[in-house]
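A.B. asks: The amino acid sequence is not available; the structure is as follows:
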């Protein structure tokens, strides 16, 4: 299959629309061509393209910032001599001065298909700024490695944040190019917009179900996104960032597992299977031990649950529900350890006065379900399934594949 960046580079007619215009690029380490040339270098080598600026999202253009809320500075690219503006530093939204450096911006970001992954919000902020300043936006489309399935509660009004750009579920099932179309419709933006689509993306087909396994090299779009299996689990395991458990940062399998020194992972798995056997389908759960070298529980031996989606014999793309699976993990811990200090209280992504788990979920409903001893899995389904069904319908006009 062919990604948007490779189609642009191969098609002179596509590039002709950029001739004589100042072009900017929004990119990160995974913004690479088929042969792993970074998109900035590949575009700079095109004689008809005049690169005038670049932008880096969270974790930086170079992907060097390991954790959340670690800001990147602006810098000048030493090879191409263009300014590289940080959209996760002093500002999250591009300033007027930044917008004055280009006529067309190309957005070439590998996303993970999850509302909380901040590249989605960076896309919205760039679209809004482009509408204000009369600039044109092109998305060079890439696969959604989590595929088409939809899952999770819709973000509630008033809970918008840098990890919640709009009223969508946690697992949205769109590519970034499709998401741009939805943003323009949802927020009524008057902006020139174009998607350079992929050729041959087949998210319904295994073994990748969204990612072309065996066809393209995986490059980390952020430091703790090391493989497809993390991307599959992420719509659930990202919630662990809002609790006192470790999500595996400081190990070699971040965001594929969760655990702590003071839980019994075998008991947690058994309780999960008892509570909602349908919610643990589609993957294998394995109890394990790990000791983070940094971040939560650093240097402490943790009893953990690892979520395995690698084996095609056991992975069921339609049955696997990572958001419900992780919610069930929290529920099991709450039932086994009623007084466990589960919820982490800090300014998650600079949101003050709100619990991190609520910011992550776009409202308090998930946390309230976990903490209510009488609430059942059917109760969570009762409030979540209507959201999922509504999103399935709302996104249909914007699907490109």
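C.D. replies: It's in. These numbers come from a predicted model, not from an experiment. Numbers count the residues shown, from 1 in each chain.

A.B. asks: who's in contact with the helix or strand bottoming out on mean pLDDT in the chain?
C.D. replies: None of the helices or strands of the chain scores lower by mean pLDDT, DSSP states H and E than strand 75-76, at a mean of 91. Residues from elsewhere that reach strand 75-76, judged by CB atoms under 8 Å, 6 or more residues apart in numbering: 82-84. C-beta here means a position set from N, CA and C on the backbone, and glycine is covered the same way.

A.B. asks: what's the closest of those residues to residue 340?
C.D. replies: Of all these, the one sitting nearest residue 340 is residue 84; the distance, using CB to CB, is 43.8 Å.

A.B. asks: Burial check on that closest one, number of neighbours?
C.D. replies: Neighbourhood size, residue 84 [other CB atoms under 10 Å]: 23.

A.B. asks: Tell me the secondary structure of it, please.
C.D. replies: Assigned by DSSP: H, G, I helix; E, B strand; the rest coil, the conformation of residue 84 is strand.

A.B. asks: The spatially closest residue to it that is not a sequence neighbour is in what secondary structure piece?
C.D. replies: Leaving out its chain neighbours, the residue that sits closest to residue 84 by CB to CB, 6 or more residues apart in numbering is residue 54, at 4.6 Å. For residue 54, the enclosing helix or strand under DSSP states H and E is strand 50-56.

A.B. asks: quick one: strands adjacent to that strand?
C.D. replies: In the sheet, strand 50-56 lines up against strand 22-27 (parallel), strand 83-86 (parallel) (DSSP bridges).

A.B. asks: Out of those strands, which is the most enclosed?
C.D. replies: strand 22-27 (a mean of 25; mean count of other CB atoms under 10 Å).

A.B. asks: Please list the outside residues in contact with that one.
C.D. replies: Applying CB under 8 Å, 6+ apart, the external contacts of strand 22-27 come out as 31, 38-40, 43, 49-57, 61, 87, 101-109, 122, 126.

A.B. asks: Report the separation between residue 297 and residue 244.
C.D. replies: 9 Å (CB to CB, to the nearest Å).

A.B. asks: which neighbours do these two share?
C.D. replies: Each of residue 260 lies in contact with both residue 297 and residue 244 under the rule CB under 8 Å, 6+ apart.

A.B. asks: Give the rounded mean pLDDT of stretch 165-173.
C.D. replies: The pLDDT scores in stretch 165-173 average 98.

A.B. asks: one step back: residue 297 and residue 244 - which one has more neighbours?
C.D. replies: Between residue 297 and residue 244, residue 297 has the larger neighbour count (other CB under 10 Å), namely 20 against 15.

A.B. asks: Leaving out chain neighbours, which residue sits closest to that one?
C.D. replies: Leaving aside its sequence neighbours, residue 297 sits nearest to residue 246 (CB to CB, 6+ apart; 4.8 Å).

A.B. asks: Please apply the same query to residue 128.
C.D. replies: Once flanking residues are discounted, residue 128 sits nearest to residue 189: 6.5 Å by CB to CB, 6+ apart.

A.B. asks: May I ask you to confirm that that neighbour is in contact with residue 126?
C.D. replies: No. Residue 189 is beyond contact range of residue 126, at 10.8 Å (criterion: CB atoms under 8 Å).

A.B. asks: So those two - more neighbours on which side?
C.D. replies: Neighbours per residue (other CB under 10 Å) separate residue 189 from residue 126, with residue 126 holding more: 27 against 17.

A.B. asks: Which residue, neighbours along the chain excluded, lies closest to residue 318?
C.D. replies: Closest to residue 318 by CB to CB, 6+ apart is residue 149, at 6.8 Å.

A.B. asks: where's that neighbour, which helix or strand?
C.D. replies: Using DSSP H and E, no helix or strand contains residue 149.

A.B. asks: Which residue lies nearest the spatial centre of this protein?
C.D. replies: In the chain, the residue lying closest to the centroid (CA atoms, centre = their mean) is residue 117, at 3.0 Å.

A.B. asks: Could I get the pLDDT score of that one?
C.D. replies: We have a pLDDT of 96 for residue 117.

A.B. asks: mind listing the helices for the stretch 301-401 of the chain?
C.D. replies: For the stretch 301-401 of the chain, the helices defined by DSSP state H, counting those that start in this stretch occupy 322-336, 356-361, 365-371, 377-395.

A.B. asks: Mean neighbour count and distance to residue 5 for these - can I get that in a markdown table?
C.D. replies: Supplementary listing: those in a markdown table, determined by neighbours: other CB atoms under 10 Å; distance: least, CB to CB, whole Å:
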| stretch | mean neighbour count | distance to residue 5 |
| --- | --- | --- |
| helix 322-336 | 24 | 28 |
| helix 356-361 | 24 | 31 |
| helix 365-371 | 19 | 36 |
| helix 377-395 | 15 | 24 |
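
A.B. asks: from the contacts of strand 75-76, which is closest to residue 230?
C.D. replies: For the contacts of strand 75-76, the nearest to residue 230 is residue 84 (26.6 Å; CB to CB).
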